[in-house]
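Undergrad: next comes the sequence, and after it the predicted model I'd like to discuss.
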Amino acid sequence: MPKQKSSAQIHIADGAGGMRQVTDLRFETGEWPIKLVVLAKDAETWMAHLNAEMEERGWNSSSFSQLDAAENSGTLSVHTANGPSPATLDIVWERPRGRGLQIRARPSGNPVLSFDIAHDFINAVGARVRTGKVLRAHRQALLTYDGVPWRGELWLDENLRLGTPSKHPDTLLGTQILIVDAMMEGIGQQGVTANFQKRLHELRVFLGFVLGSKLEMSKLERGWV
């Protein structure tokens, strides 16, 4: 399917109690002062590093994309603050299948984002890609299973620990909790979380064979008692 402009109107929360429109800028003409091509080998991680750089700066974004068998494309607006029209870096990207990522960017917003800040942001993303910068952080999850309680702790490696809750139920058999603590690496917080979810899936499969029980993810929730 060829690239086509969307007729949908999309609005998202602007972080200040209002709504902000998400605009498809792929067909906008005019000057785009920042242009670059990301090599195919780095195209998969460039956007992840861009999100990680936004995380570190406390910025946020809104996006619109079209995914197709021959080519993916989209618009990403990077906002430096909350509000209906903050200083923004608009990015239009295109990636033909199996090829590099083509980037066009320009400052916008009210007030308009400084070109120096926009250029510095794009350069910072490129530096992250070149150095393969990753974040190392702690993640924890609760796995539940039916059987006897898990006792003690087990280190599967120097970064992955299986432990027990501080208090066990009075019954020997029943629903039990296994605490998973891990130090994970990834591209930004999102990358760390994604890698941890993958590790949890592998761990559930492995422990399912070892314990002979099906382990389920559990999360803390509030409820009436």
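TA: Noted; the coordinates are in hand. If you're wondering where the values come from, they're calculated on a predicted model, not measured in any experiment.

Undergrad: the residue nearest the centre of the chain sits in which helix or strand?
TA: In the chain, the residue lying closest to the centroid (CA atoms, centre = their mean) is residue 190, at 3.3 Å. Residue 190 is part of helix 188-211, with elements assigned from DSSP states H and E.

Undergrad: elements contacting that helix?
TA: In terms of contacts (3 or more CB pairs under 8 Å, 6 or more residues apart in numbering; DSSP states H and E), helix 188-211 is packed against helix 40-57, strand 135-147, strand 174-186. C-betas here are computed from N, CA, C, even on glycine.

Undergrad: report the buried residues of it.
TA: By 16 or more other CB atoms under 10 Å, the buried positions in helix 188-211 come out as 188, 191-192, 195-196, 199-200, 203-204, 207, 211.

Undergrad: from residue 112, how far off is residue 174?
TA: Distance, residue 174 to residue 112, by CB to CB, to the nearest Å: 62 Å.

Undergrad: got it, and residue 144?
TA: In this view, residue 144 and residue 112 are 52 Å apart by CB to CB.

Undergrad: circling back: would you mind pulling the contact partners of the helix holding residue 190?
TA: 48-49, 51-53, 55-56, 134-137, 139, 141, 143, 145, 147, 156, 160, 178, 180, 182, 184-186, 213-215, 217 (CB atoms under 8 Å, 6 or more residues apart in numbering).

Undergrad: what about residue 60, distance to residue 93?
TA: In terms of CB to CB, residue 60 sits 18 Å off from residue 93.

Undergrad: higher neighbour count, those two?
TA: Shown here are residue 60 and residue 93; by other CB atoms under 10 Å, residue 93 has more neighbours (22 against 19).

Undergrad: confirm for me that that one is in contact with residue 66.
TA: No - between residue 93 and residue 66 there is no contact, the gap being 10.8 Å when judged by CB atoms under 8 Å.

Undergrad: what is in contact with those two at once?
TA: By CB under 8 Å, 6+ apart, residue 93 and residue 66 have these common neighbours: 73-74.

Undergrad: dump the residue contacts of residue 151.
TA: Neighbour list for residue 151: residue 164 [criterion: CB under 8 Å, 6+ apart].

Undergrad: check the one 10 residues further on too.
TA: Listed by CB under 8 Å, 6+ apart, the contact partners of residue 161 are 153-155, 180-182.

Undergrad: one step back: got the helices and strands packed on helix 188-211 as a markdown table, with mean pLDDT columns?
TA: Shown next, in a markdown table, are those (pLDDT from 0 to 100):
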| stretch | mean pLDDT |
| --- | --- |
| helix 40-57 | 94 |
| strand 135-147 | 92 |
| strand 174-186 | 91 |
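
Undergrad: adding mean neighbour count, write these out as a markdown table.
TA: Putting these into a markdown table (neighbours: other CB atoms under 10 Å) gives the following:
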| stretch | mean neighbour count |
| --- | --- |
| helix 40-57 | 18 |
| strand 135-147 | 15 |
| strand 174-186 | 17 |
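
Undergrad: turn those into TSV, columns for distance to residue 3.
TA: As requested, the helices and strands packed on helix 188-211 are exported to TSV (distance: least, CB to CB, whole Å):
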stretch	distance to residue 3
helix 40-57	17
strand 135-147	34
strand 174-186	31
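
Undergrad: these: which one's closest to residue 100?
TA: Closest approach to residue 100 among the helices and strands packed on helix 188-211 (CB to CB): helix 40-57, 4.9 Å.

Undergrad: gap between residue 42 and residue 185?
TA: Counting by CB to CB, the gap from residue 42 to residue 185 is 18 Å.
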